[in-house]
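Student: Pasted the sequence and its predicted model underneath.
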Amino acid sequence: MIVATIKEKNESENRVSITPDTCKSYVKAGLDVIIEKNSGLNSSFLDTVYKDSGAQVLEREEVLKKADILISVSTIPENSDMEILKKNSVIIGGFNPYENSNKIKKIIGKDISLISLDFLPRISRAQSMDILSSQANLAGYKAVIEASSIFKKALPMMMTAAGTIIPAKCLILGAGVAGLQAIATAKRLGCVVSAFDVRPEVEEQVNSLGAKFIKVESETNTKDNEMVYAKEMSEDYKKKQLKAIHDIAINMDIIISTALIPGKDAPLLIKSDTIMEMKSGSVLIDLAASSGGNIEGSKVGRKININNCVIYAPQNLPSLISYDSSLLFSKNVFNFITNFITENKTFDIESKDELLLKTILIKNGNKTENFFDG
């Protein structure tokens with residue numbers, strides 16, 4: 001069986017879904033690997049290294065003709081690619097079905113299966129396959145680094161003969177994987193950090209990283225250890241939430257927002273009236289802009305100046321550190337694929353394992369119950 005990847009065509013996508021390390025792992029598992037020429041170049045992986053790792057390096061058309069499993073980071077193959085792609089092949093990647101349902105529809109009826117690991121169940125045995133967590137972790141780190149490069153002051157406290165520089169104050173909105181890594185990174189860089197999340201059970205994690213947890217009291221805001229993702233809250237809670245965040249945000253130097261609700265618009269957490277009261281030179285990084293944004297006025301991929309505060313909504317933070325993000329992503333996918341490889345070295349598309357049943361959107365050209373029709 002042949003596992004393959006082609007060069008990503010999505011805007012600002014520098015990652016690659018097979019690295020030389022995972023190439024070696026596939027070969028060791030008894031699978032063949034083919035790579036489109038220069039597909040790893042933007043992540044600093046050269047074709048010569050792939051060849052040394054056991055892969056064939058071919059032109060795009062040859063890769064599509066031969067691939068039994070085609071892995072992609074985020075690019076859904078174009079119509080021209082689909083016409084060449086081998087029948088009964090399987091496409092695997094992270095395709096953000098909530099935003100790309102129209103592109104995914106084009107695969108229906110083509111004797112091809114599509115698996116999106118965005119829908120992977122959050123269970124313990126799937127942790128090593130969890131692309132959302134591995135990439136969010138790096139996004140949280142990079143968000144702080146981006147903020148520090150924009151911010152016109154030093155982050156840590158510094159005692160000098162000329163005087164003392166006070167530490168920057170940083171607020172993290174959302175304490176999921178990205179938020180927790182942002183907290184940890186901001187603390188390492190010397191910031192005084194506060195954090196907010198609708199899930200009270202994350203307070204212990206926030207405090208363990210040295211940050212102050214902001215609480216919003218509500219009758220419905222009770223502990224729920226099963227609530228893996230944030231959920232949409234009541235209107236009464238939202239009003240209290242906005243007030244609590246406003247009161248602390250106006251004294252912050254850096255705000256990084258990471259709050260998302262799967263399948264719905266991101267909650268608005270920072271309104272324009274809050275920004276108008278913030279200190280001159282403050283930096284706000286919105287990681288939820290592609291889903292509507294946590295910060296009013298944020299635009300995907302743009303830096304916007306409001307009241308001399310910079311609002312930046314990076315388009316693809318993991319892509320900015322594509323070497324490491326590719327290493328993690330490719331390992332996640334390898335762990336998923338090898339879970340379904342049979343003794344005959346084929347991919348078991350008929351498996352009843354929930355990991356497959358929850359992630360397969362199109363099976364042999366037919367949409368499944370997981371298919372998200374925007």
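Tutor: Here it is on my side, so go on.
Student: what about the helices in this protein?
Tutor: Ranges of helices in the chain, per DSSP state H, are 20-28, 47-52, 60-66, 79-84, 97-105, 131-150, 177-188, 203-208, 235-249, 272-277, 317-320, 322-338, 354-357.
Student: what does the longest one rub up against?
Tutor: Which is helix 131-150. 94, 117-118, 120, 127, 155, 170, 176-183, 185-186, 189, 254, 256, 258, 283, 285, 287, 303, 310, 312, 314, 317-318, 320-321, 324-325, 328-329, 331-333 (Cβ atoms under 8 Å, 6 or more residues apart in numbering). For glycine as for every other residue, the C-beta is placed from the backbone atoms N, C-alpha and C.
Student: Any buried residues in it, and which?
Tutor: Using 16 or more other Cβ atoms under 10 Å as the test for burial, helix 131-150 gives 131-144, 146-148.
Student: same deal with the last one?
Tutor: Applying a neighbour-count criterion of 16+ other Cβ under 10 Å, one finds 355-356 buried in helix 354-357.
Student: what does that helix rub up against?
Tutor: Under the criterion Cβ under 8 Å, 6+ apart, residues 115, 120-121, 123, 125-126, 129, 336, 339-340, 348-349, 351 lie in contact with helix 354-357.
Student: Can you select the buried ones from the residues you listed in PyMOL?
Tutor: Here is the PyMOL selection string for the buried members of the contacts of helix 354-357, based on 16+ other Cβ under 10 Å:
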select buried, resi 115+120+126+129+336+339+340
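Student: Of the contacts of helix 354-357, which belong to strands?
Tutor: Among the contacts of helix 354-357, the residues falling in strands (DSSP state E) are Ile115.
Student: For Ile295, grab the count of nearby residues.
Tutor: Neighbours of Ile295 under the rule other Cβ atoms under 10 Å: 29.
Student: Kindly report the same for Lys153.
Tutor: By other Cβ under 10 Å, 13 other residues sit near Lys153.
Student: Same check on the one 10 residues further on?
Tutor: Here the number of neighbours of Gly163 (other Cβ under 10 Å) works out to 8.
Student: Any stretches of the stretch 101-250 of the chain with poor pLDDT?
Tutor: Applying pLDDT under 70 to the stretch 101-250 of the chain picks out residues 218-232.
Student: try 50
Tutor: By pLDDT under 50, the low-scoring segments of the stretch 101-250 of the chain are 221-228.
Student: out of everything not next to it in sequence, what's closest to Asn100?
Tutor: The shortest distance from Asn100 to any non-neighbouring residue, by Cβ to Cβ, 6 or more residues apart in numbering, is to Ile76 (6.2 Å).
Student: so the one you found touches Pro97, yeah?
Tutor: No. Under the criterion of Cβ atoms under 8 Å, Ile76 is not in contact with Pro97, lying 9.9 Å apart.
Student: Give the residues shared as contacts by the two.
Tutor: Ile104.
Student: ranges for the strands of the stretch 151-300 of the chain?
Tutor: Listed in chain order, the strands found in the stretch 151-300 of the chain under DSSP state E, counting those that start in this stretch are 158-160, 163-165, 169-173, 192-196, 212-214, 254-257, 283-286.
Student: picking that back up, could I get the phi/psi values of the residue nearest to Asn100?
Tutor: As for Ile76, its main-chain torsions (degrees, to the nearest 10) stand at phi -80, psi 120.
Student: Now do it against Met82, distance only.
Tutor: Distance of Ile76 to Met82, given as Cβ to Cβ, to the nearest Å: 9 Å.
Student: neighbour count winner among these two?
Tutor: In terms of neighbours (other Cβ under 10 Å), Ile76 is the more surrounded of Ile76 and Met82; the figures are 22 against 15.
Student: one step back: what is the most widely separated pair among the contacts of helix 354-357?
Tutor: The most widely separated members of the contacts of helix 354-357 are Ile123 and Ile349, with 20.8 Å between them, by Cβ to Cβ.
Student: tell me the domain boundaries of this protein?
Tutor: Following automatic domain parsing, the chain resolves into domains at 2-119+321-365, 138-319.
Student: Switch those over to TSV; also include distance to Phe372.
Tutor: Converted to TSV, the domains of the chain look like this (distance: least, Cβ to Cβ, whole Å):
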stretch	distance to Phe372
domain 2-119+321-365	4
domain 138-319	7
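Student: Please report the number of neighbouring residues for Val116.
Tutor: I think there's a mix-up here, since residue 116 is Ser and not Val. 25.
Student: ok, and the closest non-adjacent residue to it?
Tutor: Nearest to Ser116 is Phe95, by Cβ to Cβ, 6+ apart, at 4.5 Å.
Student: likewise Ile214?
Tutor: Nearest to Ile214 is Phe196, by Cβ to Cβ, 6+ apart, at 4.3 Å.
Student: shouldn't Lys279 be in contact with Asp253?
Tutor: Yes. Counting by Cβ under 8 Å, Lys279 does reach Asp253; the two are 6.7 Å apart.
Student: of these two, who's got more company?
Tutor: Neighbours were counted for Lys279 and for Asp253 using other Cβ under 10 Å; Asp253 has more, 22 against 13.
Student: What distance do you get for that one to Val283?
Tutor: According to Cβ to Cβ, Asp253 stands 7 Å off from Val283.
Student: shared neighbours of the two, which are they?
Tutor: Common neighbours of Asp253 and Val283 (Cβ under 8 Å, 6+ apart) are Phe151.
Student: re the thing from before, pick the most buried one from the helices of the chain.
Tutor: Of all the helices of the chain, helix 177-188 has the most neighbours on average by mean count of other Cβ atoms under 10 Å, namely a mean of 24.
Student: okay, now Thr164: neighbour count?
Tutor: 9.
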